[in-house]
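>>> pasting the sequence and the predicted model now:
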Amino acid sequence: MNSTADTWRIDRARAALLRMAEPWFGSLYADRERRVQWMAVFSIITSLALTVVAPLWLLALGPVLLGVPHLVADARYLVIQPGLHKRGGLVWLAALPLVALGFGAPPFIGLLSVVPLVLTANATVKRKLVALAVWAALTLVALRWETPFLLAFLHLHNVIALAWWWAWQPRSRRHWFIPVLTMAALAFLMLGGAEPVLTFFEAWNAPRARTSFGEFVSANAPGLSPTLALRLVLTFAFLQSLHYAVWLRLVPEDARARPAPRPFRESWNALVRDFGVPALAFCGVLAIFIAVWGVVDLSGARYGYLRLAAFHGYLELAVAAWFLVEGRRPVPC
């Protein structure tokens, strides 16, 4: 068999570029830890730059363009590769409250997804009882203060993704620079450092995005002072961008058994093994549909996607509870 003929043209082009860049970046190709570290730093800097230069575009386009691929990554690394879907009928009960969220179910329903995963975990009764006690406390908060809970979860679910990535592999001391840099970026935004930059780039308004800061303040930070609400919206834009980077770049790098980047053809074959062609085709059509919808009605496409994706933060929380109760990390595949 001719291995060259079996290689995709884009892989041959990338191989040529890597050979050219080897004197400068060759060590990053072989050293996954360093490569992921620099990917994380680049993601933080890029997310912060976009937040202070074009926050409205970042908020409007991010879900429309990257939302569906990031949901595919959620399903792949939280459900398919850990084999969660093979745990039996009780685990499938966790899907019911997640589906209900897409039809407008309140947040305490979404939290129910935690229970089947905790009950089926390979863990001691004590660990399960502790997890169920935390679930009960969160449920009481969601029942008593539904709107504040929703707003808090909206902002904090982006942080859950960062915690997921951090837990994926054991981290060395040099990795601590990444959360420190993230916290510094958040402090910069919350202390108003972005506002002169927004003024300089005239980024307070983006008429072509057909949205405004007022719209995002109403959705993400209602009832707060204008200054605090604006800064919370900016932190949300930054963390949402970082959230996508985590699931689309950082987690895939850490979750792969092979330390070096694999060719695009191998990546596609791995996706097919995990999902099958029909499911991937459906996801591709859905992603294209939302993108085209965004061309016609950007705000409508964004809200449509967010309604579709209402489940994913609760999925991340439920599977995190499962791994925590079992006391283990995800296994690279």
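Everything's here; your move.
>>> what's the helix or strand for the residue nearest to residue 194 when sequence neighbours are not counted?
Excluding its sequence neighbours, the residue lying closest to residue 194 (CB to CB, 6 or more residues apart in numbering) is residue 52, at 4.3 Å. In this view, the C-beta of every residue, glycine as well, is placed from N, C-alpha and C. Using DSSP states H and E, residue 52 sits in helix 32-53.
>>> how far off centre is that helix?
Here helix 32-53 shows a centroid-to-chain-centroid distance of 14 Å under the convention CA atoms, centre = their mean, to the nearest Å.
>>> which stretches of the stretch 51-200 of the chain form helices?
Assigned helices in the stretch 51-200 of the chain, in chain order: 55-75, 89-92, 95-101, 107-111, 114-120, 125-144, 146-168, 177-190, 194-200 (criterion: DSSP state H, counting those that start in this stretch).
>>> between those, which gets nearest to residue 316?
In terms of CB to CB, the element of the helices of the stretch 51-200 of the chain nearest to residue 316 is helix 146-168, at 5.0 Å.
>>> tell me what that closest one is packed against?
Judged by 3 or more CB pairs under 8 Å, 6 or more residues apart in numbering; DSSP states H and E, helix 146-168 is in contact with helix 107-111, helix 177-190, helix 213-220, helix 226-245, helix 251-255, helix 312-326.
>>> so residue 159 sits against residue 239, correct?
Yes: between residue 159 and residue 239 there is a contact under CB atoms under 8 Å: 6.7 Å.
>>> who has more neighbours, these two?
Counted by other CB atoms under 10 Å, residue 159 and residue 239 do not tie: residue 239 has more neighbours, with 24 against 14.
>>> if I pick that one, what's in contact with it?
Going by CB atoms under 8 Å, 6 or more residues apart in numbering, residue 239 touches 47, 155, 158-159, 162, 186.
>>> redo that, cut-off 10 Å
Contact analysis of residue 239 by CB atoms under 10 Å, 6 or more residues apart in numbering lists 47, 51, 155-159, 161-162, 182, 185-186, 189, 246.
>>> again, but for residue 188
48, 51-52, 194, 197, 234-235, 238.
>>> follow-up on the earlier one: show me the one of the helices and strands packed on helix 146-168 that comes nearest residue 61.
Nearest of the helices and strands packed on helix 146-168 (CB to CB): helix 226-245, 10.3 Å.
>>> so where's the chain shaky on pLDDT?
Scanning the chain for pLDDT under 70 picks out 1-6, 25-30, 331-333.
>>> rerun at 80
For the chain, the stretches with pLDDT under 80 are 1-7, 14-15, 17-19, 21-30, 87-91, 207, 209-210, 259-261, 329-333.
>>> centroid residue for it?
A centroid search over the chain (CA atoms, centre = their mean) returns residue 243, at 3.9 Å, as the residue closest to the centre.
>>> about what we covered before: dump the helices of the stretch 51-200 of the chain to CSV, plus distance to residue 277.
Shown next, in CSV, are the helices of the stretch 51-200 of the chain (distance: least, CB to CB, whole Å):
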stretch, distance to residue 277
helix 55-75, 14
helix 89-92, 23
helix 95-101, 22
helix 107-111, 31
helix 114-120, 29
helix 125-144, 37
helix 146-168, 27
helix 177-190, 36
helix 194-200, 44
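>>> out of the ones you listed, which is closest to residue 225?
helix 177-190 (13.0 Å).
>>> the closest one versus helix 32-53: what angle between them?
With axes from the mean of the first three to the mean of the last three CA atoms, to 10 degrees as the basis, helix 177-190 and helix 32-53 are set at 10 degrees to each other.
>>> for residue 276, give its distance to residue 80.
10 Å (CB to CB, to the nearest Å).
>>> scratch that, residue 73
10 Å.
>>> which one of the two has more residues nearby?
residue 73 (21 against 17).
>>> once you drop chain neighbours, what's closest to the more buried one?
Nearest residue to residue 73, sequence neighbours excluded (CB to CB, 6+ apart): residue 247, at 4.2 Å.
>>> so that neighbour is in contact with residue 161, correct?
Yes: between residue 247 and residue 161 there is a contact under CB atoms under 10 Å: 6.1 Å.
>>> identify the contacts common to these two.
Shared contacts of residue 247 and residue 161, counting by CB under 10 Å, 6+ apart, come down to 70, 73-74, 312, 316.
>>> circling back: contact partners for the residue nearest to residue 73?
Going by CB under 10 Å, 6+ apart, the list of residues near residue 247 reads 66, 69-74, 76-78, 161, 164-165, 312, 316.
>>> distance check, the residue nearest to residue 216 when sequence neighbours are not counted against residue 257.
Spatial nearest neighbour of residue 216, excluding adjacent residues (CB to CB, 6+ apart): residue 233 at 4.7 Å. Per CB to CB, residue 233 is found 39 Å from residue 257.
>>> what about these two, which has more around it?
residue 233 (26 against 8).
>>> ok, the more buried one - contacts?
Going by CB under 10 Å, 6+ apart, residue 233 touches 51, 55-56, 59, 155, 189, 213-221, 224.
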